[in-house]
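1. need a structure here:
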Amino acid sequence: MIPSLHTAGLYIHLPFCLQKCVYCDFCSYTGLEAHYTAYIKALLAEAETRAEAWSNRSFDTVYIGGGTPTVLPHDLLIELWQGLERRLPIVSREDREITIEANPGTVDTLFLASLHEAGIQRVSIGVQSLNDHELALLGRIHRADQARRAFQMARAAGFENMSLDLMFGLPGQQLEDWQRSLQQALTLAPEHLSLYCLTVEPETPLAAQIASKGMPAPDDDLAAEMYEWAQDLLCAAGYRHYEISNWARLTAEDERPDLMVPALACRHNLKYWRYESYLGLGVAAHSFDGRRRWANLEDVSEYIARCGRNQDTTAFCEELSPEQQLGEAMMLGLRLIAGVSRRDIEARFGVNLMQVYGAEIERLVQQGLLESDAHDRIRLTRRGRLLGNRVFAEFLR
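-> Sure thing, here's the model as predicted:
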């Protein structure tokens, strides 16, 4: 699908956590409660600064992520949301998708109800596991029963579009552990599921524990078995696999033959995979306007200070060549189960895709990692989903 030139996504980064998970290498911090109010003020100041450059577009998706956004008091979150609505061209309620990430250990029904009443329609709950021993291993602050209660509280607060995040391929995790966790998640009937294979990032406590033999390294073959099993289970349970790590519950609307992704897919994240424009606000937030990519600095105090002085918060910025843009559009688009349309790519970039990447595509088809259908779409095979990074590397020269 060729992206709209008139809409964009908005990402808000709230980098605060009560406790840092052992696997996490995201830009997030603990012990900064004293900065909460000043940070919200700084975010709104940055929004005002960026507004003019984005005034020719409207934001039809907003994603409030972290960190743990729900460690902030609900009145600050509402102040943030209402301030964004006043400063930026966000589309009307019926045409937008507004998502907030939530940690099960930081919410209650009144908190969630206030967010829903303010206009946030979608909540993504970072469950990660429904096995208590795995939650302890990961350094999560909640237990499995708290995760189930958080989901039920969000339903009671009025949320009708909910997503759960789960992780597999954990150190010492057995197939039956993963099966139990995912089957319990399905009993909650979420509209959306994100299933992520654990990546052991350098410089994290988890990496140090594995290096010191204090914890076993994840088993890649077993993780692949877990992923394959999950694909089959979720298909049988009425979910459509639309991106390597994401599934959405099927609805009547999904019977439309022209619908490339399910109706309950995360519209905001689709902007990334479709290589569309998005503006990121907050420390470490990334932005992309179609030809340039930039990111904010990571230090919270410096970010607050610069916003207070109306100074630029950009840490780096790069202009992408047409060749880079084409390669990145292919890499990201192939994450979608529907793959990419040759016609759309060629119309967007003004090139013949097979002249640019014909050798790579043919080689990957021969290896059983890519396939092409009669409608001119190129996509990963089921085996290719397990070896996605090998495929994506072929398009990044």
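2. Can I get stretch 344-356 as CSV, trimmed to CA atoms?
-> Only the C-alpha atoms of stretch 344-356 are listed here, as CSV (Å, rounded to 0.1, in the frame of the first residue of the first chain):
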residue,chain,number,x,y,z
ASP,A,344,3.3,-0.4,-5.0
ILE,A,345,7.0,-0.3,-4.5
GLU,A,346,7.7,0.5,-8.1
ALA,A,347,5.1,3.3,-8.1
ARG,A,348,6.5,4.8,-4.9
PHE,A,349,10.2,4.7,-5.8
GLY,A,350,10.1,4.9,-9.6
VAL,A,351,12.2,1.8,-10.1
ASN,A,352,11.8,-1.7,-11.5
LEU,A,353,12.2,-3.8,-8.4
MET,A,354,13.5,-6.9,-10.2
GLN,A,355,16.2,-4.8,-11.9
VAL,A,356,17.4,-3.6,-8.5
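3. Show me what counts as buried in stretch 252-272.
-> For stretch 252-272, burial by neighbour count (16 or more other C-beta atoms under 10 Å) applies to 254, 260-272. Bear in mind the C-beta positions are built from the backbone N, C-alpha and C, glycine included.
4. Same check on stretch 79-89?
-> For stretch 79-89, a neighbour-count test (16+ other C-beta under 10 Å) marks 79-81, 83-84, 87-89 as buried.
5. try stretch 384-397
-> For stretch 384-397, the neighbour count (16+ other C-beta under 10 Å) marks 384-388, 391-392, 394-395 as buried.
6. cool, and stretch 9-22?
-> By neighbour count on 16+ other C-beta under 10 Å, the buried set for stretch 9-22 is 9-17, 20-22.
7. quick one: which of these is nearest residue 296?
-> Checking those against residue 296 by C-beta to C-beta gives residue 13 as the nearest, at 8.0 Å.
8. mind checking which helix or strand the residue of the chain positioned farthest from its centre is in?
-> In the chain, the greatest distance from the average C-alpha position (C-alpha atoms, centre = their mean) is reached by residue 355, at 32.5 Å. Assigned by DSSP states H and E, residue 355 falls within helix 353-366.
9. Identify, from the buried residues of stretch 384-397, the entry nearest to residue 166.
-> When those are compared for distance to residue 166 (C-beta to C-beta), residue 385 comes out closest, at 16.9 Å.
10. In the protein, where is pLDDT below threshold?
-> 1-5, 375 (pLDDT under 70).
11. rewinding a little: now, which of the buried residues of stretch 79-89 lie within helices?
-> 79-81, 83-84, 87 (DSSP state H).
12. Please tabulate the residues you listed in CSV and include distance to residue 279 as additional columns.
-> Written out in CSV, the entries for those read as follows (distance: C-beta to C-beta, whole Å):
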residue, distance to residue 279
79, 20
80, 15
81, 16
83, 15
84, 11
87, 12
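13. Need the max-distance pair from those.
-> Farthest apart among those by C-beta to C-beta are 79 and 87. That separation is 12.3 Å.
14. how about whichever strand or helix holds residue 185 as PDB, C-alpha atoms only?
-> Per DSSP H and E: residue 185 is located in helix 175-187. Taking C-alpha atoms only, helix 175-187 is exported to PDB below (Å, rounded to 0.1, in the frame of the first residue of the first chain):
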ATOM      1  CA  LEU A 175       7.800 -25.900  25.500                       C
ATOM      2  CA  GLU A 176       5.100 -26.800  28.000                       C
ATOM      3  CA  ASP A 177       5.800 -23.500  29.900                       C
ATOM      4  CA  TRP A 178       5.200 -21.500  26.800                       C
ATOM      5  CA  GLN A 179       2.100 -23.500  25.800                       C
ATOM      6  CA  ARG A 180       0.600 -22.900  29.200                       C
ATOM      7  CA  SER A 181       1.300 -19.200  29.200                       C
ATOM      8  CA  LEU A 182      -0.100 -18.600  25.700                       C
ATOM      9  CA  GLN A 183      -3.200 -20.800  26.300                       C
ATOM     10  CA  GLN A 184      -4.000 -18.800  29.500                       C
ATOM     11  CA  ALA A 185      -3.600 -15.600  27.500                       C
ATOM     12  CA  LEU A 186      -6.200 -16.900  25.000                       C
ATOM     13  CA  THR A 187      -8.700 -17.400  27.800                       C
END
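15. Would you map the helices across the stretch 151-300 of the chain?
-> For the stretch 151-300 of the chain, the helices defined by DSSP state H, counting those that start in this stretch occupy 175-187, 205-211, 220-236, 267-273, 300-308.
16. quick check: domain ranges of the chain?
-> For the chain, automatic domain parsing gives the domain ranges 7-273, 325-393.
17. export the ones you listed to CSV and tack on distance to residue 309?
-> Formatted as CSV, these follow (distance: least, C-beta to C-beta, whole Å):
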stretch, distance to residue 309
domain 7-273, 10
domain 325-393, 34
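18. Between the ones you listed, which one is closest to residue 301.
-> Of all these, domain 7-273 comes closest under C-beta to C-beta, at 7.3 Å.
19. Counting neighbours, what do you get for residue 358?
-> As a burial measure, residue 358 scores 11 neighbours (other C-beta atoms under 10 Å).
20. circling back to that earlier point, other SSEs contacting the helix holding residue 355?
-> Judged by 3 or more C-beta pairs under 8 Å, 6 or more residues apart in numbering; DSSP states H and E, helix 353-366 is in contact with helix 342-349, strand 370-372.
21. Report the angle between that helix and helix 342-349.
-> Taking axes from the mean of the first three to the mean of the last three C-alpha atoms, to 10 degrees, one finds helix 353-366 and helix 342-349 inclined to each other by 140 degrees.
22. 43 is where my numbering starts, stick with that
-> Shifting the count to begin at 43 puts that one at helix 395-408.
23. list the buried ones in helix 395-408?
-> Going by neighbour count (16+ other C-beta under 10 Å), the buried part of helix 395-408 is 395, 398-399, 402-403, 406.
24. quick one: which two of these are the most distant?
-> 398 and 406 (14.2 Å).
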